[in-house]
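Peer 1: okay, sequence plus prediction incoming.
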There are 2 protein chains.
Amino acid sequence: MSVLAITGGVGGAKLSVGLTHLLNPNQLVFLVNTGDDFRHLGLHISPDLDTLIYSLAGVACPKKGWGRRDETWSFLKTLEDLGGPAWFQLGDKDLALHVYRTQLMSNGGSLTEATKEIAEALDVTHSVLPCSDDPIATVVDTEDGQLSFQHYFVKYQCRPQVKGIQYDGADRARLNSSLDLATISMVVICPSNPYLSVDPILTIPDFRKFLQNSSIPVLAVSPIVQGRALKGPTAKIMTELGHTVNNKTIARHYKEILTGLIVNDGDAVDCETIRDLGIECVARNTVMHTLDDRVRLAQDTLDFGKALLSRKRCGR
Amino acid sequence: MSVLAITGGVGGAKLSVGLTHLLNPNQLVFLVNTGDDFRHLGLHISPDLDTLIYSLAGVACPKKGWGRRDETWSFLKTLEDLGGPAWFQLGDKDLALHVYRTQLMSNGGSLTEATKEIAEALDVTHSVLPCSDDPIATVVDTEDGQLSFQHYFVKYQCRPQVKGIQYDGADRARLNSSLDLATISMVVICPSNPYLSVDPILTIPDFRKFLQNSSIPVLAVSPIVQGRALKGPTAKIMTELGHTVNNKTIARHYKEILTGLIVNDGDAVDCETIRDLGIECVARNTVMHTLDDRVRLAQDTLDFGKALLSRKRCGR
């Protein structure tokens, strides 16, 4: 069995870490959002790839979830003193990765190749694949006009009201060619922001087509817990887009491709409505504070997927 | 009176600091070597400009002479761990300057404009001008083949034997257009390496022509003290190029443009031979350990220059 985990940054990376404790590199591949990628100070920055790699390598800052632990900030402080743009947090160690990746890519390497080299250098053994080597740029339509993702997310701290979201380039992007879809027997959508982190991946035409036509289980762990998002702007964006902040909205959002949804055990009552949409549902502890939480939720997710697989095999 | 100081990095920057204590920004302009400039990790690095600016700003590392004081090294250590090139020392604070300059230049700014912005941010009030905005690249012909300057100087630590030195682009480079030669009444060649730091500047055709045709005093402080160079590979290169390591070699090297040479007081005996070449000579304490040393030598240099000026005026 080979599991494909679809993930964005912080929230998704938590479940991803759990999955790596249960599945070896032959059994698990990560497909990562690149819609947040941008060029800043001449550097190619891939926030979600970095958060995942740092998390899998055990060097992520445990408090923030992104960036590196034991980070130092001499660069950013000095850049600010020089009058340079300091709105995007770049630690000294984190910067080394951005400079190195940019260098690898300007020497002709693809994002996939650069990511592979960086992951190997950090002893990450599972495949971490950018969803595409073609550029995808998440653009947020707000009351203040169109904002590139990082301007919306970091510079303006998600304050402007969202009217819509686009994934520039995603409809022309080709799925990462290193991913062999024929080997995938289960897809897990990690609890990342559906609009900002997962949709850029799902918009890639050949991947969307695969998910629509394939009979393998596609599971999602809901990022919503009792009417709230644990982290980030998911709930705020859902509201601004006119949706109710609950698991049903998540299920509806993924309806076209989803086989099963895992909701928080405090939301068990939602499962019935979700099953009405034709999507299986189980309630589990989806809050991940510790490594044990992550491994346990990963196990629950895989168990759910296996149950759906065998049910399918039995024709139920 | 307006003094033009020609300088490279560490040695020249010491006298430069002394000069700024005696002359205000209307009386002193720096013209700086760019032959050492190179692109590394996608960054435009100008070692001599940076050493001078850090020195004038009082933020240079006092021990090394280059780079910043109280520097941290998280970036370079992490880059090395990732497998990136770590042979060129880039501190976290120093890096901010390189990233910022590269950004300013990729936004269309010239090296002169970027340097001005950086100098102002660091409260450097004297004009620091790159010798040219056209690219000049010092290339060292060695027994191991041609080496770019930083490969010779940093990567191979000046070990390969030098057979010759070229300044690629210098013969087509235009002198920095911000420099108004009509206002210059004295030129001081700081005690930088003649072959690596000063010659790239002197090779610029319109500047060389100015120095040859002008009647203003052109002084140099010899980088040789009692048959040795105080710092760097000057003596080694002189020997490898077939010259004797002494002040006469320095005087001969600059003969075509030089009015006066300041040698170390321990080398007073050299002055007679130098005068035989038609170059005035005085012996002073040219070793600069402290700020007082730098200011004192700067004063001695300016006094020598004024004496030559008045002598010229008197027709002697």
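Peer 2: Alright, I've got the coordinates. The structure presented is a predicted model; accordingly, all values stated were derived computationally and were not measured. Numbers count the residues shown, from 1 in each chain, chains lettered A, B, ... in the order given.

Peer 1: all strands of chain A, in order?
Peer 2: A:3-7, A:28-32, A:38-40, A:43-45, A:127-130, A:137-142, A:145-148, A:162-168, A:186-189, A:218-221, A:224-225, A:228-229, A:260-264, A:280-284 (DSSP state E).

Peer 1: got the residues of chain A near chain B?
Peer 2: If contact is defined as CB under 8 Å from any CB of the partner chain, the residues of chain A in contact with chain B are A:41-43, A:71-72, A:74-79, A:81-84, A:91-93, A:95-97, A:99-100, A:102-103, A:106, A:117-118, A:121-122. C-betas here are computed from N, CA, C, even on glycine.

Peer 1: dump the residue contacts of A:Asp36.
Peer 2: Residues counted as contacts of A:Asp36 (CB atoms under 8 Å, 6 or more residues apart in numbering or on different chains) are A:8-9, A:46-48, A:138, A:149-150, A:153, A:196-197.

Peer 1: repeat for A:Asn193
Peer 2: The contact partners of A:Asn193, taken as CB under 8 Å, 6+ apart, are A:8, A:11, A:223, A:229, A:232-234, A:237.

Peer 1: now the residue of the stretch 101-250 of chain A found nearest chain B. Nearest residue, chain neighbours left out?
Peer 2: Of the stretch 101-250 of chain A, the residue with the smallest distance to chain B, taken as CB to the nearest CB, is A:Ala121 at 4.5 Å. Here the nearest residue to A:Ala121 in space, its sequence neighbours aside, is B:Leu82; by CB to CB, 6 or more residues apart in numbering or on different chains that works out to 4.5 Å.

Peer 1: what's the burial count for the closest residue to chain B within the stretch 201-316 of chain A?
Peer 2: Ranking the residues of the stretch 201-316 of chain A by distance to chain B (CB to the nearest CB) places A:Leu291 first, at 23.5 Å. Number of residues near A:Leu291 (other CB atoms under 10 Å in any protein chain shown) recorded here: 13.

Peer 1: how far off centre is stretch A:303-313?
Peer 2: For stretch A:303-313, the gap between its own C-alpha mean and the chain's C-alpha mean amounts to 24 Å (CA atoms, centre = their mean, to the nearest Å).

Peer 1: ok, now stretch A:29-48?
Peer 2: Average the C-alpha atoms of stretch A:29-48, do the same for its chain, and the two points are 11 Å apart (CA atoms, centre = their mean).

Peer 1: which parts of it are buried?
Peer 2: Neighbour-count burial for stretch A:29-48, with 16 or more other CB atoms under 10 Å in any protein chain shown as criterion, is recorded at A:29-38, A:40-48.

Peer 1: which parts of the stretch 101-250 of chain A are helices?
Peer 2: A:111-121, A:149-150, A:199-202, A:205-213, A:234-240, A:247-253 (DSSP state H, counting those that start in this stretch).

Peer 1: among the contacts of A:Asp36, name the buried ones.
Peer 2: Using 16+ other CB under 10 Å, the buried members of the contacts of A:Asp36 are A:8-9, A:46-48, A:138, A:149-150, A:153, A:196-197.

Peer 1: low pLDDT regions in chain A?
Peer 2: Of all residues in chain A, those with pLDDT under 70 make up the ranges A:1, A:312-316.

Peer 1: now for the closest residue to A:Ile184 other than its chain neighbours, how many residues are close by?
Peer 2: Of all residues not flanking A:Ile184 in the chain, A:Leu4 sits nearest, at 4.6 Å (CB to CB, 6+ apart). Neighbourhood size, A:Leu4 [other CB under 10 Å]: 25.

Peer 1: identify the bridge partners of A:Leu4.
Peer 2: With DSSP bridges applied, the residues forming beta bridges to A:Leu4 are A:Val29, A:Val187.

Peer 1: buried residues in the longest helix seen in chain A?
Peer 2: With DSSP state H applied, the helix covering the greatest number of residues in chain A is identified as helix A:291-313. Neighbour counts over helix A:291-313 (16+ other CB under 10 Å) mark A:293-298, A:300-302, A:304-305, A:308-309 as buried.
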